[in-house]
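A.B. asks: This is a predicted model, with the sequence first.
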Amino acid sequence: MQVLARVADGLSESEARELVRFAWQEDALKAELAEIVDTPRNSGAPTAGGAAFLEEVRRLAVR
């Protein structure tokens, strides 16, 4: 799942959110996506796409 987070760094905000919503449809990926939010980033502040990715995971996780 860290790969998805890295890919999201190169996406626009809307593309990153769409990526999360697509992956969230797979039950097996939900826990892994939520785990990304709890994992500290070593590369500093996320890009706009990376931030949108994390925000969308958090939003879906609280549903």
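C.D. replies: Okay, I see it.
A.B. asks: chain center to the least confident helix or strand in the chain by mean pLDDT, what's the gap?
C.D. replies: Least confident helix or strand of the chain, by mean pLDDT, DSSP states H and E, is helix 27-38 with a mean of 76. Helix 27-38 sits 9 Å away from the centroid of its parent chain (Cα atoms, centre = their mean, to the nearest Å).
A.B. asks: before we move on, which element is the residue nearest the centre of the chain in?
C.D. replies: In the chain, the residue lying closest to the centroid (Cα atoms, centre = their mean) is Phe53, at 3.5 Å. Using DSSP states H and E, the element containing Phe53 is helix 48-61.
A.B. asks: Can you mark which positions in that helix are buried?
C.D. replies: Of the residues in helix 48-61, Gly49, Gly50, Ala52, Phe53, Leu54, Glu55, Glu56, Val57, Leu60 count as buried by neighbour count, 16 or more other Cβ atoms under 10 Å. The C-beta positions use only the backbone N, C-alpha and C, and glycine is treated the same way.
A.B. asks: between that helix and helix 27-38, what angle do the directions make?
C.D. replies: Calculated by axes from the mean of the first three to the mean of the last three Cα atoms, to 10 degrees, helix 48-61 forms an angle of 120 degrees with helix 27-38.
A.B. asks: So what touches helix 48-61?
C.D. replies: With contacts defined as Cβ atoms under 8 Å, 6 or more residues apart in numbering, helix 48-61 is touched by 4-5, 8-17, 19-21, 24, 30, 33-34, 36-37, 46.
A.B. asks: Buried ones only from those, please, as a ChimeraX command.
C.D. replies: This is the ChimeraX syntax for the buried subset of these, where burial follows 16+ other Cβ under 10 Å:
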select :4,5,8,9,11,13,16,17,19,20,24,33,34,36,46
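A.B. asks: Which of the contacts of helix 48-61 fall within helices?
C.D. replies: If you go by DSSP state H, the contacts of helix 48-61 have 4-5, 8-9, 13-17, 19-21, 24, 30, 33-34, 36-37 in helices.
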